[in-house]
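J.: Sequence and predicted model, in that order:
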Amino acid sequence: DAKTTQPPSMDCAEGRAANLPCNHSTISGNEYVYWYRQIHSQGPQYIIHGLKNNETNEMASLIITEDRKSSTLILPHATLRDTAVYYCIVRVSNDYKLSFGAGTTVTVRA
Amino acid sequence: NAGVTQTPKFRVLKTGQSMTLLCAQDMNHEYMYWYRQDPGMGLRLIHYSVGEGTTAKGEVPDGYNVSRLKKQNFLLGLESAAPSQTSVYFCASSYTLAGEGTDTQYFGPGTRLTVL
């Protein structure tokens, strides 16, 4: 699987959009970009995934650059409950495991 | 629909003791996984199963054994616990991979294990 690089931490104001970057410059054509998050002491939670096109669901939007070497997870209106560690993961569709790195610790402040 | 449940939630063992962690899912998922998470680190895959009666090694399988006798259950065993196995253990399950990147893993709440 391609490695990913994320900033170790970032702060966000409540009610504002949170933009979480992820670099995956060695991604190959059959690898998807997944985002999970882990709220303190809980199991990871799936957020969104994509291959080439931008994706949106009820939780977030995923913007993937045209060359697919980086992506951004957007939380449109961050709340205090969005404080968590966010993991950007790249994997091929038939790979069983999720390779979790250190992630980005996002702190949403009132 | 309970999703993925794990038993027990907490456990303290002495070095050399054995125990079994139970994971159960009610979503009829084919794939199940055991991960461990050490403080300040991401999750690492211990073992996984692609169906009833099958198991396979992940990244850090040493010191652990698993069994998948029923589709809904995935057991993780520690035969002789060591302090290095102090960790939080997460179980996950997912649908059969369709080859289209639509596989999503659903995680349980975790088991916090301390080995003294």
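T.: Looks like it arrived, so ask away. Residues are numbered from 1 along each chain as shown, chains lettered A, B, ... in the order given.

J.: Do you have the helices of chain A handy? List them.
T.: Secondary structure of chain A, counting by DSSP state H: no helices present.

J.: I'd like to know which residues of chain A are adjacent to chain B.
T.: Counting by CB under 8 Å from any CB of the partner chain, the residues of chain A close to chain B are A:32, A:41-46, A:49, A:51, A:87, A:93-94, A:96-103. C-beta here means a position set from N, CA and C on the backbone, and glycine is covered the same way.

J.: now the residues you listed: which count as buried?
T.: When those are checked for burial by 16 or more other CB atoms under 10 Å in any protein chain shown, the buried set is A:32, A:43-44, A:46, A:49, A:87, A:93, A:96-101, A:103.

J.: By pLDDT, give me the weakest of those residues.
T.: When those are compared on pLDDT, A:Ser93 comes out lowest, with 63.

J.: For the buried ones among the residues of chain A next to chain B, give me JSON lines that also has distance to A:Glu58.
T.: Converted to JSON lines, these look like this (distance: CB to CB, whole Å):
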{"residue": "A:Tyr32", "distance to A:Glu58": "20"}
{"residue": "A:Gly43", "distance to A:Glu58": "20"}
{"residue": "A:Pro44", "distance to A:Glu58": "18"}
{"residue": "A:Tyr46", "distance to A:Glu58": "12"}
{"residue": "A:His49", "distance to A:Glu58": "14"}
{"residue": "A:Tyr87", "distance to A:Glu58": "19"}
{"residue": "A:Ser93", "distance to A:Glu58": "23"}
{"residue": "A:Tyr96", "distance to A:Glu58": "27"}
{"residue": "A:Lys97", "distance to A:Glu58": "27"}
{"residue": "A:Leu98", "distance to A:Glu58": "21"}
{"residue": "A:Ser99", "distance to A:Glu58": "26"}
{"residue": "A:Phe100", "distance to A:Glu58": "23"}
{"residue": "A:Gly101", "distance to A:Glu58": "26"}
{"residue": "A:Gly103", "distance to A:Glu58": "22"}
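
J.: From those, which land in strands?
T.: Within these, membership in strands is found for A:Tyr32, A:Tyr46, A:His49, A:Tyr87, as judged by DSSP state E.

J.: residues contacting the last one?
T.: Read that as A:Tyr87. A:Tyr87 is in contact with A:Gln6, A:Trp35, A:Tyr36, A:Arg37, A:Gln38, A:Pro44, A:Phe100, A:Gly101, A:Gly103, B:Gly42, counting by CB atoms under 8 Å, 6 or more residues apart in numbering or on different chains.

J.: Among those, list the two that are farthest apart in space.
T.: Farthest-apart pair in the contacts of A:Tyr87 is A:Gln6 and A:Pro44; separation 14.6 Å (CB to CB).

J.: just the strands in chain B please.
T.: In chain B, the strands defined using DSSP E lie at B:4-7, B:10-13, B:19-25, B:31-37, B:43-49, B:56-57, B:65-67, B:73-78, B:87-94, B:106-107, B:111-115.

J.: CSV for the ones you listed, including distance to A:Ile64?
T.: Listed next are the strands of chain B as CSV, based on distance: least, CB to CB, whole Å:
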stretch, distance to A:Ile64
strand B:4-7, 29
strand B:10-13, 40
strand B:19-25, 31
strand B:31-37, 25
strand B:43-49, 24
strand B:56-57, 31
strand B:65-67, 35
strand B:73-78, 33
strand B:87-94, 22
strand B:106-107, 24
strand B:111-115, 35
